[in-house]
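# Here is my input, please return the structure:
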Amino acid sequence: AAAPAASLPASSVAQAQSPARVARDPGERPLASPAVRKRAWDMGVELQYVHGTGPAGRILHADLDAYAARGVQGAPSAAPGGYREVHTEQAIPLVGLRRKIAQKMQESKRRIPHFSYVEEIDVTELENLRVRLNEQWGKERGKLTVLPLLARALVVALRQFPQMNARFDDDAGVVTQYGAVHLGVATQTDAGLMVSVMRHAEARDMWACAAEISRLADAARTGKATRDELSGSTITITSLGALGGIVTTPVINHPEVAIIGVNKIVERPMVRQGGLVVRKMMNLSSSFDHRVVDGMHAAQFVQAIRTLLECPAMLFVE
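You can find the predicted model right below:
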C-alpha cells in the first residue's frame with residue numbers, strides 16, 4: 001500500500017495517490033521502451049515495481065521520475081558496488097534491415113555447405129612496406145591500411161584461381177566465373193552488417209582501392225549507399241582484425257563461393273633459421289562452397305595469397 005501522505009514531502013503528495021509499489025503476477029513482463037529499460041537499469045530500479053501510466057500500462061520516463069521521487073521503503077535498490085539480482089527481459093523483434101540480414105545469413109547457411117581453411121601469414125614485410133608508403137605518399141595520396149594491400153593480393157591470386165571469383169546458381173546448376181573482380185567488403189554499421197561492393201578492383205591501384213573502400217564504408221554507415229553499391233559482388237573480404245580474434249568462420253555471401261576473413265595482426269616469437277625472432281603475424285580465416293570448390297584448390301588459393309603478402313614486391317610484378 002502507498003505510504004500515508006503525511007509521511008511524504010509536500011511536493012510528493014500528489015504522486016502518493018498512485019500506487020507506490022506495483023504487484024505483478026509472476027512472469028508478467030512490464031511494458032517499457034528500450035530507453036526506459038536502460039534508464040531503469042542505470043538507476044538500479046526494478047521495473048516490475050513501477051506503476052505505468054502509459055497506454056496499456058506502459059512505463060514512461062515520468063513514471064521512473066515519480067517512483068524515484070517517492071523513495072518508497074522496501075523498493076529494490078542497487079546493492080553496494082552495483083551487485084543486484086536482475087530479472088528483466090526484453091523481446092526484440094527482427095524488423096527492417098536486421099531481418100533482411102538474418103534471412104540472408106540463414107539462406108547462405110541453408111544452401112551452402114561451408115568449409116573453412118585457416119592459414120597464418122607473416123606480414124612483417126608487408127607492414128614495413130605499408131609504413132614506408134604512408135610516410136612517403138600518405139599526405140598526398142591518403143593513408144593505406146592492410147585492406148587495400150589484401151585486395152591487391154586477392155586480385156593477383158584470382159588470375160591463377162578464377163573459379164573462386166564466381167557465383168553459383170544452385171537452382172539452375174550453373175557456376176558463373178567472372179573476369180571482373182567486384183569485391184565485396186563487409187562493413188559493420190549501426191543498422192547491421194552490410195556488404196559494400198568495390199567494382200572492378202582489378203583496375204584499381206592500392207590508393208584507388210583505399211579511397212573507394214573508405215567512400216563505400218562511409219556511404220553504408222550514413223545510410224546513403226545505393227542498391228547498386230550493395231549488390232553484385234563476386235567475392236568478399238570480411239575483417240574483424242581491429243577487434244582481435246585468432247580464428248573466424250565467416251559465412252559466404254550467397255550466391256558467391258568464397259569469402260576471405262582477416263584476423264588481427266599480432267607480434268609473436270617465431271623460429272627463423274634456427275633462431276627466435278619477433279614477427280608480425282596475421283591469420284586468414286576463409287570459407288568456401290564445398291559443392292564447387294575442392295579443399296585442395298581452396299588451400300592452394302590461400303597459399304597463393306600468402307606468398308604474395310609475405311613477399312609484397314610480387315604484388316607489383318606484372
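
# for the spatially most central residue of the chain, helix, strand, or coil?
Taking Cα atoms, centre = their mean, the centroid of the chain lies closest to Gln188, which sits 4.5 Å from it. Here Gln188 is recorded as strand under DSSP: H, G, I helix; E, B strand; the rest coil.

# For it, name its beta-bridge partners.
Listed by DSSP bridges, the beta-bridge partners for Gln188 are Leu193.

# Is it correct that Val257 is in contact with Ala166?
Yes: distance between Val257 and Ala166: 5.1 Å, which falls inside the contact criterion (Cβ atoms under 8 Å). In short, each C-beta sits where N, CA and C put it, glycine included.

# Show me which of these two is the more surrounded one.
A count of neighbours by other Cβ atoms under 10 Å puts Val257 above the other of Val257 and Ala166, at 26 against 20.

# can you tell me which residues contact the more buried one?
Contacts for Val257 (Cβ atoms under 8 Å, 6 or more residues apart in numbering) come out as Gln163, Met164, Ala166, Arg167, Phe168, Val175, Ile235, Phe288, Asp289, Val292, Val293.

# what about the closest residue to it other than its chain neighbours, how many neighbours?
Distances taken as Cβ to Cβ, 6 or more residues apart in numbering place Asp289 nearest to Val257, at 4.1 Å, with adjacent residues excluded. By other Cβ under 10 Å, 26 other residues sit near Asp289.

# How about the backbone phi and psi for Asp289?
Backbone dihedrals for Asp289, given as degrees, to the nearest 10, come out at phi -80, psi 110.

# pretty sure it is touching Arg111, no?
No: taking contacts as Cβ under 8 Å, Asp289 lies outside contact range of Arg111: 9.1 Å.

# for the stretch 151-300 of the chain, what are the low-confidence residue spans?
For the stretch 151-300 of the chain, applying pLDDT under 70 flags no range at all.

# need the helices for it, in chain order.
With helices called from DSSP state H, counting those that start in this stretch, the stretch 151-300 of the chain shows them at 206-221, 295-310.

# Mind picking the one among the contacts of Val257 that's closest to Cys209?
Lowest distance from Cys209 to these (Cβ to Cβ) belongs to Ile235, with 14.1 Å.

# which one's the longest helix in the chain?
Scanning the chain for the longest helix, with DSSP state H as the assignment, gives helix 124-141.

# ok and it relative to helix 206-221, angle-wise?
80 degrees (axes from the mean of the first three to the mean of the last three Cα atoms, to 10 degrees).
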